[in-house]
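*Asks:* only geometry, no sequence info:
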Ligand SMILES: Cc1ncc(C[n+]2csc(CCOP(=O)(O)OP(=O)(O)O)c2C)c(N)n1
Ligand SMILES: [Mg+2]
């Protein structure tokens, strides 16, 4: 069998559902082979995107909502280099994206001719691992290893560069076992001595808090964490990436933390005496970035499957390397059933958190005749009862989704947290809808972000997806405007769109349905109408461009230091970096 056929055959045997790739990325021979032998397969449905960046965000969105690897297949030229933003986006959020770069074209080999590129070199820093396959004998095993590596341990991105020789040569098809990947061990349970140390810290803490990140979602640790936290009366707050990982109505839940997180959640972390961090990496966006003043009275337990995240930003007193769900159960089992936290102490702790909440609650306030984005997102959350998969772009709207959309379930909040990739939302929502066809999927996009990948309408429409796009039109790069308002003395530069296109017409020109909403009075009814219309529907919501996202951690300040409105003084000091 030719290497080319082995390539597709291995992916088919791995039950890969979708191959995301732009048109013409296969080349003639691969196209013909695919058409003849695999186009009727139950697996390997080709999803043709507009660009390779689009394909990689689609595969990423698919991976995040399903927990399975998302697969991109592209040719060895600019087709592959265009996936770099997608790889970096996915890798920073621990999403399982695998890009296969195949030397499909007829007249190329690994010599230095037109369009021959060092993909392994280029992708080294944006992948968990990458491979160069030179020999047909390594092909099937490497494909299997790549898929396996992407979803196990701390998930991440893999690039596999496959040479023309490997695709052209012939060999018998084998589906080799990958039980032992040399040098690769995935931790599950934490070491006993670390568990014992953590147990002691938990049993003696007066003001503990769980600081939960995306690792809770990935490890499917929600139920175990609910049991643990409710039994031991430990409040649970989440980072941006953790949203959906703990239900909003659980009595232990304390909102979310970070730059635009809730005041009371940030205060709870800052004033706690034990931070139990699970599957988060103490990013500057979730801690304020003043690492040496983080939770000054607290011991820190850090549970993570990736040892390299430990002691990176924050000094950790008790690291536990392991899978979140397994370690939570271990801790739960290791704390004697007779143990009960001191009731008076815990009551005081929860009362204090409630008091902080009452001073600055998160309430959407619609005043005036122009729609506030916060109100629009709050309305979306109420209409869908927090149960939709919501995929966002990057900017103010992204933060309002985090603040006002009450995510009920894990794998439902899909956002580019680590890299903050504008243009992620629409293609990732397409991948998400393909991965979870029965669930309601919403793309909530900023007008700036949307313009970065709106060509992907063709994929959404051609595949007849029942996908709803909420386009937040503030005529601005709103987040840039917010920072220029706060930190650049309202010296506005390039944040307003001199030309903002007619999105309703653009959607229609691709065959999607679309309409505009510009009055708060009609907002709810119009959204419901859009939801009950089948197919790709773009709802353009015209919003107040002067609304700002509050509260906001004071740049260069600690987690107890937040701005609540335009009258709060901005501290002197260097202007922070936004992007
Ligand atoms: C590809 C890319 N370019 C630039 C940035 C920097 N950036 C962050 S938010 C933002 C503005 C986003 O505008 P829009 O999508 O309209 O969202 P809004 O803030 O208006 O809700 C920019 C330019 C980025 N994160 N990604
Ligand atoms: Mg905007």
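*Replies:* It's in. In this text the structure is predicted, and so the values were computed from the model without any measurement. Ligands and ions are numbered 1, 2, ... in the order given.
*Asks:* From here on, just use CA atoms for contacts and neighbour counts.
*Replies:* OK.
*Asks:* need the contact list for the residue nearest to residue 459 when sequence neighbours are not counted.
*Replies:* Of all residues not flanking residue 459 in the chain, residue 49 sits nearest, at 5.6 Å (C-alpha to C-alpha, 6 or more residues apart in numbering). Contact analysis of residue 49 by C-alpha atoms under 8 Å, 6 or more residues apart in numbering lists 20, 21, 22, 23, 55, 456, 458, 459.
*Asks:* hmm, which of those are the buried ones?
*Replies:* 20, 21, 22, 55, 456, 458, 459 (16 or more other C-alpha atoms under 10 Å).
*Asks:* Check pLDDT for those residues and point me to the minimum.
*Replies:* Among these, residue 22 carries the lowest pLDDT, at 90.
*Asks:* correct me, but that residue touches residue 46?
*Replies:* No: counting by C-alpha atoms under 8 Å, residue 22 sits too far from residue 46 to count as a contact (9.5 Å).
*Asks:* Residue 123 in helix, strand or coil?
*Replies:* Per DSSP: H, G, I helix; E, B strand; the rest coil, the local secondary structure of residue 123 is helix.
*Asks:* Oops, could you answer that again for residue 442 instead?
*Replies:* strand.
*Asks:* so it bridges to which residues?
*Replies:* residue 390, residue 468 (DSSP bridges).
*Asks:* thinking again about what came up before, which one of the contacts of residue 49 is nearest residue 178?
*Replies:* Nearest to residue 178, judged by C-alpha to C-alpha, of the contacts of residue 49 is residue 20 at 24.7 Å.
*Asks:* and that closest one, what are its phi and psi?
*Replies:* phi -90, psi 130 (degrees, to the nearest 10).
*Asks:* The one 5 residues further on too?
*Replies:* Listed backbone geometry of residue 25 is phi -80, psi -10, with angles given as degrees, to the nearest 10.
*Asks:* Could you verify my assumption that it touches residue 72?
*Replies:* No: look at residue 25 against residue 72 with C-alpha under 8 Å: they stay out of range, at 10.3 Å.
*Asks:* Looking at those two, which one has more neighbours?
*Replies:* Set residue 25 next to residue 72 and count neighbours by other C-alpha atoms under 10 Å: residue 72 wins out with 28 against 22.
*Asks:* Give me the three-state assignment for that one.
*Replies:* Assignment for residue 72 (three-state DSSP): strand.
*Asks:* In contact with it: list those residues for me.
*Replies:* Residue 72 touches 19, 20, 21, 55, 56, 59, 97, 98, 99, 100, counting by C-alpha under 8 Å, 6+ apart.
*Asks:* what's the pLDDT at it?
*Replies:* 98.
*Asks:* which residues pair with it across the strands?
*Replies:* residue 20, residue 99.
*Asks:* the helices in the stretch 401-550 of the chain, which residues?
*Replies:* Remark: helices assigned in the stretch 401-550 of the chain by DSSP state H, counting those that start in this stretch are 425-435, 447-450, 457-462, 478-487, 503-509, 520-531.
*Asks:* Can you give the distance of the third one from its chain's centre?
*Replies:* On the basis of C-alpha atoms, centre = their mean, to the nearest Å, helix 457-462 is displaced by 23 Å from the centre of the chain it belongs to.
*Asks:* Now tell me what touches it from outside.
*Replies:* So helix 457-462 is contacted by 47, 48, 49, 50, 430, 467, 507, 510, 511, 512, 535, 536 (C-alpha under 8 Å, 6+ apart).
*Asks:* now those as JSON lines including distance to residue 524?
*Replies:* Formatted as JSON lines, the contacts of helix 457-462 follow (distance: C-alpha to C-alpha, whole Å):
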{"residue": "47", "distance to residue 524": "33"}
{"residue": "48", "distance to residue 524": "34"}
{"residue": "49", "distance to residue 524": "32"}
{"residue": "50", "distance to residue 524": "33"}
{"residue": "430", "distance to residue 524": "24"}
{"residue": "467", "distance to residue 524": "18"}
{"residue": "507", "distance to residue 524": "21"}
{"residue": "510", "distance to residue 524": "26"}
{"residue": "511", "distance to residue 524": "25"}
{"residue": "512", "distance to residue 524": "21"}
{"residue": "535", "distance to residue 524": "19"}
{"residue": "536", "distance to residue 524": "19"}
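*Asks:* domain ranges for the protein?
*Replies:* According to automatic domain parsing, the chain comprises the domains 3-168, 192-359, 373-550.
*Asks:* Residue 352 looks like it's in a strand, true?
*Replies:* No: counting by three-state DSSP, residue 352 is not part of a strand but helix.
*Asks:* near ligand 1, which residues of the stretch 251-400 of the chain?
*Replies:* 394, 395, 396, 397 (C-alpha under 6 Å from any ligand atom).
*Asks:* Nearest spatial neighbour of residue 176, chain-adjacent residues omitted?
*Replies:* residue 141 (5.7 Å).
*Asks:* closest to residue 484 among the contacts of residue 49?
*Replies:* So of the contacts of residue 49, ranked by how close each gets to residue 484 (C-alpha to C-alpha), first place is residue 456, at 30.9 Å.
*Asks:* other SSEs contacting the helix or strand harbouring residue 346?
*Replies:* Using DSSP states H and E, residue 346 maps to helix 343-359. Using 3 or more C-alpha pairs under 8 Å, 6 or more residues apart in numbering; DSSP states H and E, the elements in contact with helix 343-359 are helix 263-271.
*Asks:* Go ahead and name everything in contact with the helix it packs on.
*Replies:* By C-alpha under 8 Å, 6+ apart, helix 263-271 touches 207, 209, 211, 237, 254-258, 275, 294-298, 353-354, 356-357, 360, 551, 558-560, 562.
*Asks:* Just the angle for that helix relative to helix 343-359, thanks.
*Replies:* Orientation check (axes from the mean of the first three to the mean of the last three C-alpha atoms, to 10 degrees): helix 263-271 against helix 343-359 gives 140 degrees.
*Asks:* quick check: mean pLDDT across helix 263-271?
*Replies:* Here the average pLDDT along helix 263-271 is 97.
*Asks:* who's in contact with residue 342?
*Replies:* residue 206.
*Asks:* rerun at 10 Å
*Replies:* 203, 204, 205, 206, 232, 233 (C-alpha atoms under 10 Å, 6 or more residues apart in numbering).
*Asks:* Ok, residue 506 next?
*Replies:* 454, 455, 457, 512, 514, 538.
*Asks:* same check, this time on residue 24
*Replies:* Residue 24 neighbours (C-alpha under 10 Å, 6+ apart): 30, 31, 48, 74, 75, 79.
*Asks:* Remind me which helix or strand the second one belongs to.
*Replies:* Put plainly, it is residue 31. With DSSP H and E as criterion, residue 31 is part of helix 27-37.
*Asks:* And what about residue 57, helix, strand or coil?
*Replies:* Per three-state DSSP, residue 57 ends up helix.
*Asks:* wait, isn't it in contact with residue 392?
*Replies:* No: between residue 57 and residue 392 there is no contact under C-alpha atoms under 10 Å: 11.9 Å.
*Asks:* nearest to ligand 1, of the contacts of residue 342?
*Replies:* Distance ranking of these against ligand 1, using C-alpha to the nearest ligand atom, places residue 233 first at 37.0 Å.
*Asks:* Can you pull the phi/psi pair for the closest one?
*Replies:* The phi/psi pair for residue 233 (degrees, to the nearest 10) is phi 50, psi 60.
*Asks:* what about it, how many neighbours?
*Replies:* By the measure other C-alpha under 10 Å, the count of residues near residue 233 is 20.
*Asks:* For the stretch 201-350 of the chain, give me the ranges with low pLDDT.
*Replies:* Nowhere does the stretch 201-350 of the chain drop to pLDDT under 70.
*Asks:* try the stretch 1-150 of the chain
*Replies:* In the stretch 1-150 of the chain (pLDDT under 70), the answer is 106-115.
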